[in-house]
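[1] What follows is a predicted structure for the sequence shown.
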Amino acid sequence: MRKEIINLLTKHNVPDEIASLIEVPADASHGDFAFPCFALAKLWKKSPIEIAKDIVNKIGKTKSFEKIEAVGPYVNFFVDARDIAGEVLKKIEKDREKYGGGKFGRGRKIVIDLSSPNIAKPFGIGHLRSTIIGNSLALISEFNGYKTVKINYLGDWGTQFGKMIVGYKRFGNMQELKKNPVHYMLKLYIEGNKEDFEQEARDWFKKLENGDVQAIKLWKKFKEISLKNFNGIYKTLGITFHITSGESLYEKKMKERDDGALIVDLKKYGLGVALIGKNDGTKLYITRDLAAAIDRYEKYKFSAMLYEVGQEQKLHFKQLFKILELMGYLWAKNCVHVDHGLYLGQDGKRFATRKGKTVFMEEVLEETINLAKEEIKKRAEISEKETDERARRIAIAAIFYGDLKNYRSHDVIFDIDRFLSFEGDTGPYLLYSYARANSILKKSKNKTKLIVNNVSEKEKQLISVLGRFPEVVRHSYEQLAPNLIANYAYTLAQTFNEFYHSCPVIGSDEEGFRLRLVRAFCHVMENAMHLLGIPLLKEM
């Protein structure tokens, strides 16, 4: 129908590039498609409102549309419900798991830097946002035809390791370290970070940079312990990476230079001064990032590189990209800092677990999974193994959706109890809606083909939402905004549940058609949730 509308508009002197600006209204009462007339105002030297009326008068009546009307600066197109039902459902059934995807990324590559927790520190709640959002952006890019390279770029180098080594040398015990590694490493870091040991920590980090055997041995041990912990968390989250590397890799790749502070003056660009080397010869975070960016382009020849990192790093990335540009790397313009806000507690302050201020991701996951188990036990009697897997999926849906439904740059209130609710705008509500649809399909034995007779208002609303999915996916990629897909999934679930309560399926005169609607809902919900990184459940 989109092509038919474009043909109608171009037939009446609307340029192709402007005719293609057709939108799908958020409110179904505004039609199935809408054409905004703003872009024609300058060209036709009329107000958008007058232009909308003119276009409607010129088109007149047509068999393809129930009605075409001008509302303010928009021309709204109402498609015959039976036509659009057949078109949308056939498209979904043909494309299935590919429905909504695009091909514009074919032959191109995107590198995504995400998660990036710090070695020798707990996997913090702050790194969870980067992990969830970055993973979703990778899935959305792949769905649009791109080949992605997901890089987990660990914070495995820097002055903190001097502090860790001091903490271990003065207060550490290997048996205690093995017994409770993550908590114990945090304790060592706190001890080594005391002001009395500042110079000693600097000296140890310098030794580490110079390849001191003892320093390297401890650094490797801390890294090994951290990675084991991180990998357990990633397994629970269901997230994988193509590459796991770290800042230490680029320590070796950087060219030797004379001692002395090195700065890059970026004041004329409004970016201050970037320090890329200290007097003692130690290299800095931005220096390693410069080496990493150059190395990645040489390896992958990417069309874009996304850094999914908190918004507090905005200046760092502006400086990084500007320095790369000044170094003559034309691809620097394709590097993007995809920022995110903070997790906040219900009091509006930085989020802390119920057990204290330090936020351990494994504890957050454990608590959420246990709460999900309690809810499952109220609803069904199933095996312990099945309970564990359902609880994990419900917990993932709760946390991922609780984050991704918000625009990434905004701060998020981290409320586990609210996230886990089976009612309202939550992940478990989406899982429940999908399970409800599957229960209908499981009960039915109807194998009739798609026949569209009369289409009720609730059926038309569901068809309209199903038909909007490809456009939502495209906008989500263009804006690097997974929240558009998350919000769409909630609207889809709501619309399906309204249909479910108004339109009986099994045993109705329209059973064949309605079963196809239910099946189409399942396909689209599967695709939407896949793009959010959320596993579904066929039974709740």
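    It's in.
[2] Backbone dihedrals for V24, please?
    Here is the backbone geometry of V24 (degrees, to the nearest 10): phi -110, psi 110.
[3] scratch that, F104
    Torsion angles, degrees, to the nearest 10, at F104: phi -70, psi -10.
[4] so what pLDDT did it get?
    You'll see F104 listed with a pLDDT of 91.
[5] from memory it sits against S141, does it?
    No. Using Cβ atoms under 8 Å, F104 is not in contact with S141, being 10.6 Å away. No exception for glycine: its C-beta is placed from N, CA and C like everyone else's.
[6] higher neighbour count, the two?
    Set F104 next to S141 and count neighbours by other Cβ atoms under 10 Å: S141 wins out with 23 against 12.
[7] Which parts of the host helix or strand of the more buried one count as buried, going by neighbours?
    Counting by DSSP states H and E, the element that carries S141 is helix 125-143. Within helix 125-143, the residues scored as buried using 16 or more other Cβ atoms under 10 Å are 125-143.
[8] And the pLDDT at E4?
    pLDDT, E4: 87.
[9] swap in K355?
    45.
[10] do K255 as well
    So K255 comes in at 46 (pLDDT).
[11] got it, and A352?
    61.
[12] which stretches of the protein form strands?
    33-36, 65-71, 74-79, 109-114, 147-154, 243-246, 262-265, 273-277, 304-310, 335-340, 343-344, 412-413 (DSSP state E).
[13] For those strands, which has the smallest mean pLDDT value?
    Across these, strand 273-277 gives the lowest mean pLDDT, at a mean of 83.
[14] which residues does R408 contact?
    The contact partners of R408, taken as Cβ atoms under 8 Å, 6 or more residues apart in numbering, are 129, 133, 338-341, 480-483.
[15] just those now: which is nearest L315?
    Among the contacts of R408, D339 lies closest to L315 (Cβ to Cβ), at 11.3 Å.
[16] ok, now how distant is the residue lying closest to that closest one once chain neighbours are set aside from Y429?
    Among residues not flanking D339 along the chain, Q311 sits closest, at 3.9 Å (Cβ to Cβ, 6 or more residues apart in numbering). Separation of Q311 from Y429 (Cβ to Cβ, to the nearest Å): 29 Å.
[17] Same drill for those two, tell me which one is more crowded.
    Y429 (21 against 15).
[18] May I have the predicted confidence score for the nearest residue in space to A435 that is not next to it in sequence?
    Excluding the flanking residues, the one nearest A435 by Cβ to Cβ, 6+ apart is M540, at 4.3 Å. At M540, the model reports a pLDDT of 84.
[19] right, and M540 touches Y432 too?
    Yes. Between M540 and Y432 there is a contact at 5.3 Å, judged by Cβ under 8 Å.
[20] got TSV for the strands of the chain, with distance to R516 and mean neighbour count too?
    Below are these laid out as TSV (distance: least, Cβ to Cβ, whole Å; neighbours: other Cβ atoms under 10 Å):
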stretch	distance to R516	mean neighbour count
strand 33-36	22	22
strand 65-71	22	17
strand 74-79	18	22
strand 109-114	35	24
strand 147-154	33	22
strand 243-246	42	17
strand 262-265	61	14
strand 273-277	59	17
strand 304-310	38	22
strand 335-340	38	20
strand 343-344	41	18
strand 412-413	37	17
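[21] now the helices: where do they sit in the stretch 151-300 of the chain?
    160-171, 174-179, 181-192, 198-209, 213-237, 247-253, 285-300 (DSSP state H, counting those that start in this stretch).
[22] Mean neighbour count, these: which tops it?
    helix 160-171 (a mean of 22; mean count of other Cβ atoms under 10 Å).
[23] Remind me what that one packs against, helices and strands.
    On a contact count with 3 or more Cβ pairs under 8 Å, 6 or more residues apart in numbering; DSSP states H and E, helix 160-171 meets helix 181-192, helix 198-209, helix 213-237.
[24] Distance to T62 added to the ones you listed, as TSV?
    Formatted as TSV, these follow (distance: least, Cβ to Cβ, whole Å):
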stretch	distance to T62
helix 181-192	67
helix 198-209	74
helix 213-237	51
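[25] Nearest to V24, out of those?
    Closest among those, using Cβ to Cβ: helix 213-237, at 32.7 Å.
[26] got a list of contacts for the closest one?
    Contacts of helix 213-237 (Cβ under 8 Å, 6+ apart): 117, 119-121, 123, 131-132, 154, 156, 161, 164-165, 168, 177, 181-182, 185, 204, 207-208, 240-241, 244, 361-362, 365, 392, 396, 533.
[27] Poorly predicted segments of the stretch 151-300 of the chain, please.
    Screening the stretch 151-300 of the chain residue by residue with the criterion pLDDT under 70, one finds the ranges 252-261, 278-283.
[28] One more pass at 80, please.
    Counting by pLDDT under 80, the stretch 151-300 of the chain has low-confidence residues at 251-262, 276-284.
[29] and the nearest residue to E93 once chain neighbours are set aside, what does it touch?
    Spatial nearest neighbour of E93, excluding adjacent residues (Cβ to Cβ, 6+ apart): A520 at 7.1 Å. Applying Cβ under 8 Å, 6+ apart to A520 gives the contacts 88-89, 92-93, 466.
[30] 6 Å - rerun?
    Contacts for A520 (Cβ atoms under 6 Å, 6 or more residues apart in numbering) come out as 89, 92, 466.
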